[in-house]
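K.L.:
Have a look at this prediction, sequence included:
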Amino acid sequence: MLLTVTMTATVMTAWLGPVSSVRAQSATAGAVVAQQGVASAQQVTVQPAAADKARTYPQAMADWTSWIKDNAYALDSIEPEKMEFGSGTIAKKEFDDLQMLKPLLQSKRIVYLGESTHGAAQFNSVKTRLIQFLHQEMGYNILAFESGLGDVAAAQGKLTSGTVEAAMKQSIFPVWWTEETLPLFQYMKDTQSQKQPLRMAGFDMQDYKFKVEDWLHDEALVKEFNEAEKQLREAGDDLKAYQKVKPNAIKTFEKVKQQVKPSAERLKKAYPDEPHIVKLMERALKVQIDVINEYNELSIRGQVDATQGKYDTMLQSFAWRDKMMAANLVWLAEEVYPTEKIIVWAHNDHIRKAHSEVEGTPFTVKFMGELMPEDYKKYSYVLGLYMASGETADNGGNKKDVVKFEPGSMESILSASNQPYTFVDLRYQREARGNSWMFEPVTTYSWGSMPESMNVREQYDGILLIDKVKAPKYVK
């Protein structure tokens, strides 16, 4: 069952403090004819200026190109930074090229870092560098992944005692098990001894690998739990088989959930690096009960219907997942980290502000970013990552070329910067001839190959374009 959640004023003031708002204002123009001796306004003839004439599409693209060259920012590097020996921090000068982000994010509690594909090495690298900057320079201490809530909590709980590779594989989905992601986990591990460490969390409801035997000392219940998990896996996509084992699985998960608070001390001992492990484990089990009760059956039905050319049920399962992710993210922000600023790592689709209005996407439902409460949207900054060329990989690791973009697409406009890494703010722009592209529908490319049409300013607050990407080096 989904939770209905809203942000309280108390929580908002706890982390935000005084806020100075930045509002974009639309330019207005007018003419006043008030002159003695003039019989009427009809006697005055005003010739239109050249700038007032309609322009052709090629002329518009030329204006956009000129504007990008004057207004976009180039990043010096996308590679993660190294900590100074003995200091435990990164030299401030290493982030000189990112200082333009500070005024944009000054009042923002959540910064979303998106990606148009899960299979680009450069996305993993640049997001790691941005996270280092946001943590060290701006006090964002929580990194929330599009990965299992319980899995990430368990990995955080053992972060300092294991290897960074083990922490990566325990926490996030395999699409991000790459050599380019390992520096992020090394950075997190290195910060755990600091006064304000960077801690990770998960907000997804998919998958769970955490072991109840790490803290649950009732051997009979551990055996019952593992057997229930096995039966769910073996049922697979067989709807009747799933419905048969589902009631018993729910009862077993409920019994384990009831043991969380009585096992608080054992949980803290098993996961010493996660101070909120009791809350997180209880929530993780509650989410899994909801998944077993509702989502799994919906997903199975969706797959069956899809073989018959019916996709409504599958779309419902996608919407269910994102509703749960939104509920989990708000729960983390209010119940677990009410005074912390949060970084979110997820696909562009999940974080954009009006996903259901995108033309060309096969997933025509409201996703997480669109479902967040209005206060969260107001105090968030959504950064979409895109690529202009190169090679990417799908979720199975299969490589494919990034398609050649069309003239007038967002990728072509940003590429006019002639820089390898281009950032442009959308949120605080006033509409002008040179940036009209961000106020009207343009083509963008999801996964580097699927053309979509959207008003990018209604979807994102900023865009980061990587000129050329490569497929990641996966850690098997």
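P.N.:
Yep, it's here.
K.L.:
Following the chain onward from the lowest-mean-pLDDT helix or strand in the chain, which element is next?
P.N.:
Using mean pLDDT, DSSP states H and E, the weakest-scoring helix or strand in the chain turns out to be helix 9-16, at a mean of 42. Counting by DSSP states H and E, the next helix or strand C-terminal to helix 9-16 is helix 57-71.
K.L.:
helix or strand right after that next one?
P.N.:
strand 73-74.
K.L.:
Identify the residues contacting that following strand?
P.N.:
97, 100, 417, 419, 420, 421, 422, 423, 424 (CB atoms under 8 Å, 6 or more residues apart in numbering). In this view, the C-beta of every residue, glycine as well, is placed from N, C-alpha and C.
K.L.:
Distance of the closest residue to the third one other than its chain neighbours relative to residue 173?
P.N.:
Residue nearest to residue 417 in three dimensions, not counting chain neighbours: residue 72, with 4.7 Å by CB to CB, 6 or more residues apart in numbering. For residue 72, the distance to residue 173 (CB to CB, to the nearest Å) stands at 32 Å.
K.L.:
Likewise for residue 165?
P.N.:
15 Å.
K.L.:
I'd like to know how far residue 319 sits from residue 294.
P.N.:
For residue 319, the distance to residue 294 (CB to CB) stands at 12 Å.
K.L.:
Looking at those two, which has the bigger crowd around it?
P.N.:
residue 319 (18 against 15; other CB atoms under 10 Å).
K.L.:
Now do the contacts for the residue nearest to the more buried one when sequence neighbours are not counted.
P.N.:
Of all residues not flanking residue 319 in the chain, residue 365 sits nearest, at 4.1 Å (CB to CB, 6+ apart). When contacts are counted by CB under 8 Å, 6+ apart, residue 365 touches 315, 316, 318, 319, 322, 355, 356.
K.L.:
does residue 365 count as helix, strand or coil?
P.N.:
Classification of residue 365 using DSSP: H, G, I helix; E, B strand; the rest coil returns coil.
K.L.:
Could you check how far it is from residue 116?
P.N.:
From residue 365 across to residue 116, the span is 19 Å (CB to CB).
K.L.:
next one: residue 298
P.N.:
Going from residue 298 to residue 116 by CB to CB gives 27 Å.
K.L.:
ok, these two, which is more surrounded?
P.N.:
The residue with more neighbours, out of residue 298 and residue 116, is residue 116; 27 against 17, by other CB under 10 Å.
K.L.:
ok, that one touching residue 348?
P.N.:
Yes: Residue 116 lies in contact with residue 348 (CB atoms under 8 Å); the separation is 5.2 Å.
K.L.:
Mutual contacts of the two, please.
P.N.:
Common neighbours of residue 116 and residue 348 (CB under 8 Å, 6+ apart) are 384, 385, 386, 446.
K.L.:
how much space between the first one and residue 461?
P.N.:
Applying CB to CB, one obtains 9 Å for the distance of residue 384 from residue 461.
K.L.:
Ok, the last one next?
P.N.:
Shown here: residue 446 relative to residue 461, a distance of 18 Å by CB to CB.
K.L.:
Have a look at those two and say which one is more surrounded.
P.N.:
Between residue 446 and residue 461, counted using other CB under 10 Å, the more crowded position is residue 461 (23 against 20).
K.L.:
For the shared contacts of residue 116 and residue 348, which single residue is the most surrounded?
P.N.:
residue 386 (29 neighbours).
K.L.:
what about it, which SS state?
P.N.:
strand.
K.L.:
Show me the shaky parts of this structure.
P.N.:
Within the chain, the segments meeting pLDDT under 70 span 1-51.
K.L.:
ok, now which ones touch residue 370?
P.N.:
Residue 370 neighbours (CB under 8 Å, 6+ apart): 352, 353, 354, 355, 356.
K.L.:
Same question for residue 464.
P.N.:
Contacts of residue 464 (CB under 8 Å, 6+ apart): 75, 126, 383, 384, 385, 386, 421, 422, 423.
K.L.:
residues near residue 314, how many?
P.N.:
Using other CB under 10 Å: residue 314 sits among 19 other residues.
K.L.:
Could you look up the SS state of it?
P.N.:
Residue 314 - assigned by three-state DSSP - is helix.
K.L.:
Now it. Nearest residue, chain neighbours left out?
P.N.:
Using CB to CB, 6+ apart and skipping the chain neighbours, the partner closest in space to residue 314 is residue 302 (3.4 Å).
K.L.:
Might one say that the one you found is in contact with residue 321?
P.N.:
No: applying CB under 8 Å, one finds residue 302 not in contact with residue 321, separated by 11.2 Å.
K.L.:
ok, now which ones touch the residue nearest the centre of the chain?
P.N.:
Centroid check for the chain by CA atoms, centre = their mean gives residue 346 as the closest residue, at 3.2 Å. Taking CB under 8 Å, 6+ apart, we find residue 346 in contact with 112, 113, 114, 115, 145, 146, 368.
K.L.:
And residue 130, by the same measure?
P.N.:
Counted by CB under 8 Å, 6+ apart, residue 130 has contacts 98, 113, 383.
K.L.:
Which helix or strand contains residue 195?
P.N.:
Element membership for residue 195, per DSSP H and E: none, as it lies in no helix or strand.
K.L.:
typo on my end, it should be residue 383
P.N.:
Using DSSP H and E, the element containing residue 383 is strand 380-387.
K.L.:
So what's the gap between that strand and the chain middle?
P.N.:
How far strand 380-387 lies from its chain's middle: 8 Å, per CA atoms, centre = their mean, to the nearest Å.
K.L.:
helices or strands next to whatever helix or strand comes next after that strand in the packing?
P.N.:
Reading on from strand 380-387 to the C-terminus, the next helix or strand found by DSSP H and E is strand 391-393. The contact analysis (3 or more CB pairs under 8 Å, 6 or more residues apart in numbering; DSSP states H and E) places strand 391-393 against strand 399-401.
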